[in-house]
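>>> build me a model:
(2 chains)
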Protein chains: 2
Amino acid sequence: MPMNIAVAGSEELISENLLELLQEKQFPVGKLFLLTALDAEDQDSIRFNNQTIYVQDLASFDWSQAELVFLVGNTDEYVAAFSAAEQNGCKIIDLRNIEHKSSLHGLSLLAQKEDLESSVHVCPDDLTVLIAHVIQPFFDETAITQLNIVALEPVSVHGKKGTEALARETAHLMNGRPLENTLFSSQLAFNILPVLGDSHLVSELQLLFPEEKLNTSVTLLQAPVFFGTTVVADIVLEDALPKEDITRILSSISNVTLSDEVLTPVTHGSNQNKVYLQLIAGELDELQTFRLLMIADPLRCGRIQNAVSLAEQLVTPVMS
Amino acid sequence: MPMNIAVAGSEELISENLLELLQEKQFPVGKLFLLTALDAEDQDSIRFNNQTIYVQDLASFDWSQAELVFLVGNTDEYVAAFSAAEQNGCKIIDLRNIEHKSSLHGLSLLAQKEDLESSVHVCPDDLTVLIAHVIQPFFDETAITQLNIVALEPVSVHGKKGTEALARETAHLMNGRPLENTLFSSQLAFNILPVLGDSHLVSELQLLFPEEKLNTSVTLLQAPVFFGTTVVADIVLEDALPKEDITRILSSISNVTLSDEVLTPVTHGSNQNKVYLQLIAGELDELQTFRLLMIADPLRCGRIQNAVSLAEQLVTPVMS
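Coordinates of the predicted model:
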């Protein structure tokens, strides 16, 4: 049964990816409303399922027209929209950046088969979705006692202003002009910047896996890369598992491809709906610790993938 | 007592850094000979200790003039030079890339107080020197059972052809021109490339610490960065140590600065003789596992630092 859907925050880069994924998955969209807190007339219309959709003004929207709202916008106006949508009985999938999210609702991860009756589903951060999706099946076999993450983020996690800032910095340096820094804390072109305050992966994983004593360390680095996240994850299991079991588990995760190719952000992390994974382990038959190299496009494999999968369950609830 | 010194391979980028470091440390150089297997007349002369030194032809060099040879060049001609220098009784410090090194000699790391009578000292790879230098003092306290390394290398590890290749790739992409790849296996500009065959850190650490059962995993990534290596190292100790001991050990390592600043390759890994380090650990008073973030200029803090320190011991043997 088609659903009437609103996307609140059409100015965000990930709105584009969200709409592409809804089309690719042939999600049963009835009416589609694109809402913005910016000047709606300045926004481009988009083509969706062979229709032209014009962007509308968020403030004057009649929320009773929508059944499901993807909340993407990251300004105060969208906080008000959240309340209005909730009061009008809309289901809400909250995709906002972590600092704009409501703390009143728990996190929703697709594969956790959580309560679909809830009207609000808060998506974890992109990196949390990537990591949680891959480690989750291991908890069926044994505990994970230690998880050490090094993640290299592309500038696309900052939206269009991120990609523009890296291009501008690079052009300035190549032309010997001084940097005019607007977005990053320090020169990012030809550099690697540590991202401070990177502990929300730790807290989100705790919220998602409250039963597990998951000891996690995270180092987030901002790389001078446009698209594609590179993650190196060291996983320590409570009990060793046969290597073939680990390979089988990793191969069976949806949207994940275990690959022997040379993985890079440009080749496997741009415009890809899949997470590419490599298992790096020694010669032993049983592994207690192993390393994963992951490459993914966070704009496609992070919260959007999670949000669309959640929406699919809302349309066609899975028989439990 | 001054020593007559030859640098065999003056065309290599690290020869420049080697000579700078010898001057900075006021190493007692008698006569200095710069040798190349390329056309000596094409090479620039350099200023060293207020003298102009001309580059000489390697093949016609009279090795009896040199007491100590820094062997830097990475072509077959330098293999012959090695034999000639050895036959003439020169002390040799071998700084060649790993694929050009003689396997007949063990590795020399300064702090290991090895046999200074030996005529040949083979320097480990830059990354090995960086890591070994930092982990070594921990072995006095307890064993290290696991060492997990993620290292992001700059293009300067490939010498001038590396920095030129990244600049060229970046310029081509910024101008919308197709890439002409000459050096890297795939586009490096705005990308991260896994470095294949990165296991020599593991084997070199085994040679340096033969008594230790050091379980090491290494992921080497090539970053689109000109100078400065970023290393994230997870260290698991056999016995937990008080956090203050770990801080004290790290602070006491020569040429290492424990810093609270934001560390990046551009700010702390370019033209720096020091390794910058951050301890990343939880709130516990005792640590069995901890993470280090290291930034260093491999051209200055790697094998060159090690080589010059070795040379200093050869000039003034340390009383044991």
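
>>> A:Asp244 and chain B, how far apart?
Residue A:244: Glu, not Asp. Counting by C-beta to the nearest C-beta, to the nearest Å, the gap between A:Glu244 and chain B amounts to 20 Å. Where C-beta positions appear, they are placed from N, C-alpha and C, glycine not excepted.

>>> quick check: which element contains that residue?
helix A:243-252 (DSSP states H and E).

>>> cool, and A:Ala80?
Secondary-structure element containing A:Ala80, defined by DSSP H and E: helix A:76-87.

>>> what packs against that helix?
The contact analysis (3 or more C-beta pairs under 8 Å, 6 or more residues apart in numbering or on different chains; DSSP states H and E) places helix A:76-87 against strand A:3-8, strand A:68-71, strand A:91-94.

>>> so which of those strands is the most packed in?
Looking across those with neighbours counted as mean count of other C-beta atoms under 10 Å in any protein chain shown, the highest average goes to strand A:68-71: a mean of 27.

>>> residues making contact with that one?
For strand A:68-71, contacts defined as C-beta atoms under 8 Å, 6 or more residues apart in numbering or on different chains pick out A:3-9, A:15, A:18, A:63, A:78, A:81-82, A:85, A:90-96, A:307, A:311, A:314.

>>> and that strand, which strands flank it?
Counting by DSSP bridges, the strands paired with strand A:68-71 are strand A:3-8 (parallel), strand A:91-94 (parallel).

>>> make a markdown table out of the helices and strands packed on helix A:76-87 and add mean pLDDT.
Shown next, in a markdown table, are those (pLDDT from 0 to 100):
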| stretch | mean pLDDT |
| --- | --- |
| strand A:3-8 | 96 |
| strand A:68-71 | 96 |
| strand A:91-94 | 92 |
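
>>> adding distance to B:Ile235, write those strands out as a markdown table.
As requested, the helices and strands packed on helix A:76-87 are arranged in a markdown table below (distance: least, C-beta to C-beta, whole Å):
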| stretch | distance to B:Ile235 |
| --- | --- |
| strand A:3-8 | 46 |
| strand A:68-71 | 42 |
| strand A:91-94 | 39 |
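
>>> among those strands, which comes closest to A:Gln26?
For the helices and strands packed on helix A:76-87, distance to A:Gln26 was read as C-beta to C-beta. The smallest value, 13.1 Å, belongs to strand A:3-8.

>>> and what about A:Glu41, helix, strand or coil?
The three-state assignment at A:Glu41 reads helix, by DSSP: H, G, I helix; E, B strand; the rest coil.

>>> kindly report the same for A:Leu201.
Going by three-state DSSP, the state assigned to A:Leu201 is helix.

>>> where does the residue nearest to it when sequence neighbours are not counted fall, phi/psi-wise?
Once flanking residues are discounted, A:Leu201 sits nearest to A:Val218: 4.9 Å by C-beta to C-beta, 6 or more residues apart in numbering or on different chains. With angles defined as degrees, to the nearest 10, A:Val218 sits at phi -130, psi 130.

>>> packing partners of the helix or strand harbouring A:Asn306?
Element membership for A:Asn306, per DSSP H and E: helix A:303-315. If contacts are counted by 3+ C-beta pairs under 8 Å, 6+ apart, helix A:303-315 sits against strand A:3-8, helix A:13-24, strand A:68-71, strand A:91-94, helix A:126-135.

>>> what is the mean pLDDT for it?
In this model, helix A:303-315 carries a mean pLDDT of 89.

>>> helix A:126-135 and that one, what's the angle between them?
70 degrees (axes from the mean of the first three to the mean of the last three C-alpha atoms, to 10 degrees).

>>> so what touches helix A:303-315?
When contacts are defined by C-beta under 8 Å, 6+ apart, helix A:303-315 is touched by residues A:1, A:3, A:14, A:17-18, A:21-22, A:25, A:27-28, A:68, A:70, A:91, A:93, A:95, A:108-110, A:116, A:121, A:123-126, A:129, A:133, A:255, A:273.

>>> one more: stretch A:42-52?
Contacting residues not belonging to stretch A:42-52 are listed as A:10-11, A:16, A:19, A:22-23, A:29, A:32, A:34, A:36, A:53-55 [C-beta under 8 Å, 6+ apart].

>>> can you select the buried ones among those residues for me in PyMOL?
Provided next is the PyMOL selection string for whichever of those are buried by 16 or more other C-beta atoms under 10 Å in any protein chain shown:
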select buried, chain A and resi 10+11+19+22+29+32+34+36+53+55
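
>>> tell me the one of the contacts of stretch A:42-52 nearest chain B?
Nearest to chain B out of those is A:Glu16 (C-beta to the nearest C-beta; 20.1 Å).

>>> isn't A:Ile253 right next to A:Ile135, touching?
No. The pair A:Ile253 / A:Ile135 is not scored as a contact, 9.8 Å apart, by C-beta atoms under 8 Å.

>>> look at the two and report which has more neighbours.
Neighbours around A:Ile253 and A:Ile135, counted as other C-beta atoms under 10 Å in any protein chain shown, are more numerous at A:Ile135. The numbers are 22 against 17.

>>> hang on, the earlier thing: got the contacts of stretch A:42-52 as a markdown table, with pLDDT columns?
As requested, the contacts of stretch A:42-52 are exported to a markdown table (pLDDT from 0 to 100):
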| residue | pLDDT |
| --- | --- |
| A:Ser10 | 92 |
| A:Glu11 | 89 |
| A:Glu16 | 90 |
| A:Leu19 | 95 |
| A:Leu22 | 95 |
| A:Gln23 | 95 |
| A:Val29 | 95 |
| A:Leu32 | 96 |
| A:Leu34 | 96 |
| A:Thr36 | 95 |
| A:Ile53 | 94 |
| A:Tyr54 | 94 |
| A:Val55 | 94 |
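
>>> and the contacts of stretch A:42-52 as a markdown table, adding distance to chain B?
Converted to a markdown table, these look like this (distance: C-beta to the nearest C-beta, whole Å):
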| residue | distance to chain B |
| --- | --- |
| A:Ser10 | 27 |
| A:Glu11 | 25 |
| A:Glu16 | 20 |
| A:Leu19 | 26 |
| A:Leu22 | 29 |
| A:Gln23 | 28 |
| A:Val29 | 34 |
| A:Leu32 | 33 |
| A:Leu34 | 30 |
| A:Thr36 | 30 |
| A:Ile53 | 31 |
| A:Tyr54 | 32 |
| A:Val55 | 30 |
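
>>> and which of the contacts of stretch A:42-52 is nearest A:Ser156?
Proximity of the contacts of stretch A:42-52 to A:Ser156, judged by C-beta to C-beta, is greatest for A:Glu16, which lies at 11.3 Å.

>>> quick check: the residue of the stretch 1-150 of chain A nearest chain B.
In the stretch 1-150 of chain A, the residue that lies nearest chain B is A:Val150 (4.7 Å; C-beta to the nearest C-beta).

>>> what's the local residue count around that residue?
Residues within reach of A:Val150, counting by other C-beta under 10 Å, total 25.

>>> same thing with A:Ser118?
14.

>>> is it true that it lies in a strand?
No. Following the definition three-state DSSP, A:Ser118 is coil and is not counted among the residues of a strand.

>>> coming back round to it: what does the helix holding A:Ala80 rub up against?
With C-beta under 8 Å, 6+ apart as the contact definition, helix A:76-87 has outside contacts at A:6, A:8-9, A:35, A:37, A:58-59, A:61, A:63, A:66, A:69, A:71-73, A:92, A:94, A:96, A:100, A:102, A:119-120.

>>> so how do I select the buried members of those in ChimeraX?
Command for ChimeraX, covering only those of these found buried under the criterion 16+ other C-beta under 10 Å:
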select /A:6,8,9,35,37,58,61,63,66,69,71,72,73,92,94,96,100,120
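
>>> for the helix holding A:Glu244, buried residues please.
A:Lys243, A:Ile246, A:Ile249, A:Leu250.

>>> contacts for it, please.
Around helix A:243-252, the neighbours that count as contacts under C-beta under 8 Å, 6+ apart are A:134, A:137-138, A:141, A:256, A:258, A:277, A:279, A:281, A:284-287, A:290, A:292.

>>> one more: stretch A:163-177?
Counting by C-beta under 8 Å, 6+ apart, stretch A:163-177 makes contact with A:155-156, A:158, A:178-184, A:187-190, A:224, A:226, B:167, B:170-171, B:174, B:190, all of which sit outside it.
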